[in-house]
Every structure is written in C-alpha cells, then in structure tokens.
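Novice: Just to be clear, the model below is a prediction. Sequence and coordinates:
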Amino acid sequence: QTELAPDLGSAPKSAQNETSADPLSLDRKVVQNASLSLKAPDVAQAADQIITLCGSKGGYTVSSRIYRENDRVSGRLALKVPQAGLLEVIDGISALGEVTDKVISTQDVTEEFYDAQARLKVLEAKEARLLGLMDRAANIAEIISIENELSKTRGEIEVLSGRLQLLANATQYSLININLVEGVPGSVKAPQGTWGKAWQSLINSLNGVINFGSNTLVFLFAAIPWLVIASLLALLVRWMYPKLSSRLFRNKSLTLE
C-alpha cells in the first residue's frame, strides 16, 4: 500500500537556504510610485504631451480622463513607466506647468518577493511528489486522497504565482498618478501682512463688483425676449382697451333704454 509522505509541506534544504540567505546579497526588489498635481494653461494639450512623453520612455497609459467642472477644465492620468526612468519622466512632466504637489513613495518588497519565490519552489516540489505517488497509488481511496491534496497544492501555487507576477511588474514599472488643473503657472501669490491683506480685500471687493455687473448683464440679455413679449402684450391691451370700453358702454346704454 502506498502512503503519503508525512513531510510533503516541508521545504527542501535548497529552498530553506535561499530564504535564510543574507538579504544584502539578494537583488533588491523595490516598488516606487509617484503622484503629481500640475497647473497648466491648456489641460488637454498638457495631457497629450504627458502621454507622448510616457510612450517615448517605454511606458504606457493606464487611464486618462479630461473633464469640465465649475467652468474649469481638469484632468486625471494614470501612467506606468519603467522604474529606471521614473525621475526623468517626472522632470519632463514638471516642465509642462507648475507643480503644486509631488509625492514619491518607495516600498522595499525584497523579503516578501524571495519568500514567495521559495515557497513556490516548495509547492512545485510537493506537486511533483504527489504526481509520483499518484502513479503508484494502489486503490481508489489513495487516488482520491492524493487528488484532493494535489488540487489544494495547485491552488496555492496559482495564488503565489499571481502574487510573484504582480510584485515583479510593480518593481519593474512605476505608477504615476497625475492631477491636472487649468491655470496660469506662476500666478502671483497673495501678499502677506496688514497691507497685503488690505490690498487683497480691495481686489476681492472689485472682483465681487465686476462679477455682480457681469451677472446682471447676463440676466438682462436673457430677459430681453420676455421683455419684448411683455411689451407687445401691453401694446395689445392698450389698443384693445378703448374699443372694449366703448362697446361695453354702448351695450349698457342700450340696456338702460
């Protein structure tokens, strides 16, 4: 009768040696991503230039959206670029407008990557041994037991393989999230201090007056068709009122007679 080996889940010595190796001797696995907020006079044009720059550096566009909100054009881009050229791409993007916010994050996943790689080798070795046991199985009960263990092992292999592929991609390509806002780069900042605040208050008041006048003018233009209709109705009533009055007066006189 064939029996399952009691130590199928234990790691071979080669895999154990790999996970216990000096981390400094391993090829470092680092995930590096960035996010930028950029002010540009033409958001659509800046987005096109960023996408072109990304493609020229071996990257690709994950998502792109240009939209208008409150009479202001904005945009959001998500790009993947080779990690080795991340800083160069960031410099190129920064030259297209005014950077108002920039964040570069780094995460070392070396230990996680090599640990998953070693565990994958253990599971693959276990799968091979299970297949060997399957060939020597003596009865249906043993076959079913081995198949159950084999199915479980292959599921774990699939999960680990997917995780390794995700980590490999994340360490080779950096994700850049970009927020684009319409505006003139290098806009003058509000002055500080008492006089600066007073000057800014004056500017805000003038802007309020201008906005009020602008809104009033827009309202008047929008009301012109209704004013024309109201004037025509008033003229019609004024023209018909004397005739109606005289007719009513005549009818009343005839009734009295």
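Specialist: In hand now; what should we look at?
Novice: Give me the neighbour count for the residue lying closest to residue 68 once chain neighbours are set aside.
Specialist: Counting by CB to CB, 6 or more residues apart in numbering, residue 68 lies nearest to residue 74, which is 7.6 Å off, once chain neighbours are set aside. In short, each C-beta sits where N, CA and C put it, glycine included. Residue 74: 15 surrounding residues under other CB atoms under 10 Å.
Novice: how far away is residue 74 from residue 42?
Specialist: Distance, residue 74 to residue 42, using CB to CB, to the nearest Å: 12 Å.
Novice: Same check on residue 222?
Specialist: For residue 222, the distance to residue 42 - CB to CB - is 30 Å.
Novice: rewinding a little: anything in contact with each of residue 74 and residue 42?
Specialist: Common contact partners of residue 74 and residue 42 (CB atoms under 8 Å, 6 or more residues apart in numbering): residue 182.
Novice: Next, give phi and psi for residue 36.
Specialist: phi -130, psi 140 (degrees, to the nearest 10).
Novice: quick one: low-confidence parts of the stretch 51-200 of the chain?
Specialist: Residues of the stretch 51-200 of the chain meeting the criterion pLDDT under 70: 185-193, 196-197.
Novice: which residues in it form helices?
Specialist: Assigned by DSSP state H, counting those that start in this stretch, the helices in the stretch 51-200 of the chain fall at 86-94, 110-135, 140-172, 193-256.
Novice: Quick one: distance of the last one to the chain centre.
Specialist: A distance of 48 Å separates the C-alpha centroid of helix 193-256 from that of its chain, computed with CA atoms, centre = their mean, to the nearest Å.
Novice: again with the third one
Specialist: A distance of 32 Å separates the centroid of the chain from that of helix 140-172, by CA atoms, centre = their mean.
Novice: and it, what does it pack onto?
Specialist: strand 30-40, helix 110-135 (3 or more CB pairs under 8 Å, 6 or more residues apart in numbering; DSSP states H and E).
Novice: Turn these into JSON lines, including distance to residue 150 and mean neighbour count.
Specialist: Compiled in JSON lines, the helices and strands packed on helix 140-172 are given as follows (distance: least, CB to CB, whole Å; neighbours: other CB atoms under 10 Å):
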{"stretch": "strand 30-40", "distance to residue 150": "33", "mean neighbour count": "19"}
{"stretch": "helix 110-135", "distance to residue 150": "5", "mean neighbour count": "17"}
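Novice: Just put those in a markdown table and tack on distance to residue 81.
Specialist: Formatted as a markdown table, the helices and strands packed on helix 140-172 follow (distance: least, CB to CB, whole Å):
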| stretch | distance to residue 81 |
| --- | --- |
| strand 30-40 | 9 |
| helix 110-135 | 21 |
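Novice: what's the closest of these to residue 199?
Specialist: Evaluated over these, closeness to residue 199 peaks at strand 30-40, with 23.1 Å, by CB to CB.
Novice: helices or strands next to the closest one in the packing?
Specialist: Going by 3+ CB pairs under 8 Å, 6+ apart, strand 30-40 lies up against helix 86-94, strand 98-108, helix 140-172, strand 173-182.
Novice: Centre of the chain to the first one, how far?
Specialist: In this view, helix 86-94 has its centroid 19 Å away from the chain centroid, taken as CA atoms, centre = their mean.
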